[in-house]
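1. sequence and predicted structure below; questions after.
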Amino acid sequence: MHRTLSTLGALLALSAASAHAQQPGARTAWSGDVCYEVFVRSFQDSDGDGVGDLRGLTQKLDYINDGDPATDADLGATCMWLMPIMPSPSYHSYDVTNYYDINRDYGTLADFRAFMDAAHERGIRVLIDLVLNHISSEHPYFKDALLDRDSPYRDWFVWSPETRPAPGWSAPVWHRVPGRDEYYYGLFWSGMPDYDLANPEVKAELHRVARFWLEDVGVDGFRIDAVGHFFEGPDGEWKHGPGTHAWLREFSSAVERMAPDAFTIGEVWDSIGAILPYYPDQLDAYFMFEVADAVMDAVRTGSGERLVSTVERVEREVPGGRWGVFLRNHDQTRTLTDLRGDVRRAKLAAAIQLTLPGIPFVYYGEELGMTASKSDGDPRLRTPMQWRREPGVGFTTGVPWEPLPADSFTANVEAQEDDPASLLNHYRRLIQLRTGTPALAGDFVPLQTGDPAALAYLRRVEGQTVLVLANLSDRPLTGVELTSPQVLPAGRWVAEPLLGTAADRGEARVRADGRLRGWSPVRTLAPLEARVFLLRSGR
Ligand code: CA
């Protein structure tokens with residue numbers, strides 16, 4: 001499914017050797033992928049009960065990727081992350097009651113296997129959400145441990161004779177056992193008791209769970225929930241507790257033995273500095289929340305300085321592009337809402353996200369500009385996918401499990417399909433550009449522009465260089481001049497448009513020192529405009 005530019009790449013490789021060129025580093029095998037995050041309950045309902053399901057999702061796979069590189073009416077994502085699909089008493093399924101089955105609302109294991117086959121036929125790899133930090137209070141093992149102090153599962157959980165504070169956490173973490181002067185630990189709420197992951201029996205069981213999904217079912221990897229909260233510290237610390245890294249190392253080597261090509265990406269919702277100790281030998285990647293915030297900040301404020309320094313730091317500290325680059329996920333206010341409904345800024349944010357290093361993750365509905373605010377509650381962040389202008393928006397023939405947003409009749413696939421300037425078609429172009437352009441999975445080289453509103457960077461692999469140019473401000477920018485460090489082989493370089501119109505001054509001369517100096521490829525950048533160029537050696 002990767003649209004490669006192999007002939008061109010081979011030609012460029014011939015001219016790429018230079019004493020001044022830095023050797024681009026090796027990247028993860030997943031850095032050319034784009035992943036689409038899906039909430040199965042909200043994607044497509046196949047049977048009219050108002051709840052999305054696996055058969056519905058399978059019917060809609062062509063929207064995500066139709067498997068044909070020659071078409072461009074699909075998003076072209078090469079990977080999906082499914083939020084939890086296991087049985088659970090909660091609508092979101094982040095509290096699991098059976099780790100070896102499918103949520104009955106979504107279908108059966110047979111439905112899931114059929115979905116996997118259909119996804120793989122289209123070149124889509126599938127990651128499932130795996131919740132290892134906690135279990136459901138309705139899980140039979142926890143219920144047994146709660147009712148019987150002699151239960152074999154008692155030591156699977158964390159108990160205390162008294163409640164204790166968790167400094168800095170917003171809610172009680174110790175929950176009283178009914179009828180006893182005893183408490184159990186559940187960081188998120190009483191319905192999610194934490195596992196005692198230090199217990200070898202728990203570890204062995206969770207390795208069995210991973211084996212079941214990787215070997216018996218054949219998923220391509222996991223998005224692992226709440227990784228920063230696996231272990232608690234002695235004084236009530238609720239994140240990054242001792243034991244976390246050793247546990248992850250062991251889990252990752254077990255996964256590697258089971259399925260050497262499997263991919264794992266963890267949620268550590270924290271700063272870059274707090275995430276760095278989770279490298280280099282634990283999960284394959286982690287979502288970089290600070291970069292997401294920096295992209296949003298850049299398109300909101302019109303200055304790219306913080307974004308560039310943040311990405312540079314991640315690229316310097318994190319090996320091989322092993323991080324997730326995203327705008328918003330299922331726990332956050334949606335992008336367009338954050339940007340006060342400004343579609344131009346949403347387009348710019350997407351153009352930056354999908355041309356940065358890291359592995360891009362796009363939350364379903366972001367490509368339509370679906371709106372939702374965290375302050376209205378999490379279910380509003382996870383409303384049904386908006387397909388068509390009709391009751392049920394094409395998601396269901398019944399009553400949707402969660403009411404649709406007021407703008408669902410205008411922000412939907414049908415309304416945007418035929419408009420070349422729509423957000424949806426912008427996302428399609430960007431995702432296809434990303435998966436088809438090896439340089440966009442390569443190294444990140446920021447350029448000097450002399451103006452914080454003019455964002456410019458090169459993306460490179462050996463044999464291919466791409467220039468990204470963006471105006472973060474809502475005024476036209478004229479005469480932006482680009483200066484690069486010593487990265488390009490000397491000679492004449494020609495800019496060919498990959499996104500947006502042709503350059504005004506499409507040729508650059510790189511001197512023997514390997515630097516671009518004062519090149520102004522575009523006379524005027526329109527407000528909030530992003531352009532992408534392939535830099536072809538023209539000597
Ligand atoms: Ca259904």
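-> Ah, there it is.

2. give the contact list for Cys35.
-> 77-81, 127, 324, 359-362 (Cβ atoms under 8 Å, 6 or more residues apart in numbering). No exception for glycine: its C-beta is placed from N, CA and C like everyone else's.

3. so which of those are in helices?
-> Per DSSP state H, helices hold no members of the contacts of Cys35.

4. by neighbours, which of these wins?
-> Within the contacts of Cys35, neighbour counts (other Cβ atoms under 10 Å) peak at Ala77, which reaches 30 neighbours.

5. give me the nearest residue to that one, chain neighbours excluded.
-> Tyr36 (4.0 Å; Cβ to Cβ, 6 or more residues apart in numbering).

6. so what's the backbone phi/psi at that neighbour?
-> Dihedral pair for Tyr36: phi -120, psi 120, per degrees, to the nearest 10.

7. look up how far the ion lies from it.
-> Distance, Tyr36 to the ion, by Cβ to the ion, to the nearest Å: 20 Å.

8. could you tell me which residues make contact with the closest residue to the ion within the stretch 151-300 of the chain?
-> The ion sits closest to Val217 of the stretch 151-300 of the chain, with a gap of 20.9 Å, by Cβ to the ion. By Cβ under 8 Å, 6+ apart, the contact set of Val217 is 109, 112-113, 116.

9. re the thing from before, as CSV, the contacts of Cys35 with pLDDT would be great.
-> Output for those, formatted as CSV (pLDDT from 0 to 100):
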residue, pLDDT
Ala77, 98
Thr78, 97
Cys79, 97
Met80, 98
Trp81, 98
Leu127, 98
Gly324, 98
Ile359, 97
Pro360, 98
Phe361, 98
Val362, 98
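
10. filter those residues by proximity to the ion?
-> Among the contacts of Cys35, no residue is within reach of the ion (Cβ under 5 Å from the ion).

11. ok, so of the residues you listed, who is nearest Leu423?
-> Nearest to Leu423, judged by Cβ to Cβ, of the contacts of Cys35 is Val362 at 11.6 Å.

12. stretch 115-132: which residues count as buried?
-> For stretch 115-132, a neighbour-count test (16 or more other Cβ atoms under 10 Å) marks 115-116, 118-119, 122-132 as buried.

13. check what pLDDT the residue nearest to Ala77 gets.
-> Here, the pLDDT recorded for Tyr36 equals 98.

14. what's the spacing between the closest residue to the ion within the stretch 51-200 of the chain and Tyr363?
-> Nearest residue of the stretch 51-200 of the chain to the ion (Cβ to the ion) works out as Asp53 at 3.9 Å. Asp53 sits 20 Å away from Tyr363 when distances are taken as Cβ to Cβ, to the nearest Å.

15. mind checking the SS state of the closest residue to Arg122 other than its chain neighbours?
-> Nearest non-adjacent residue to Arg122, counting by Cβ to Cβ, 6+ apart: Gly67, 3.5 Å away. Of the three states, Gly67 takes coil under DSSP: H, G, I helix; E, B strand; the rest coil.

16. just the element for Asp144, please.
-> Asp144 belongs to helix 140-147 when assigned by DSSP states H and E.

17. residues in contact with that helix?
-> The contact list for helix 140-147 (Cβ under 8 Å, 6+ apart) reads 97, 135-137, 151-154, 156-157, 177-178, 184, 193.
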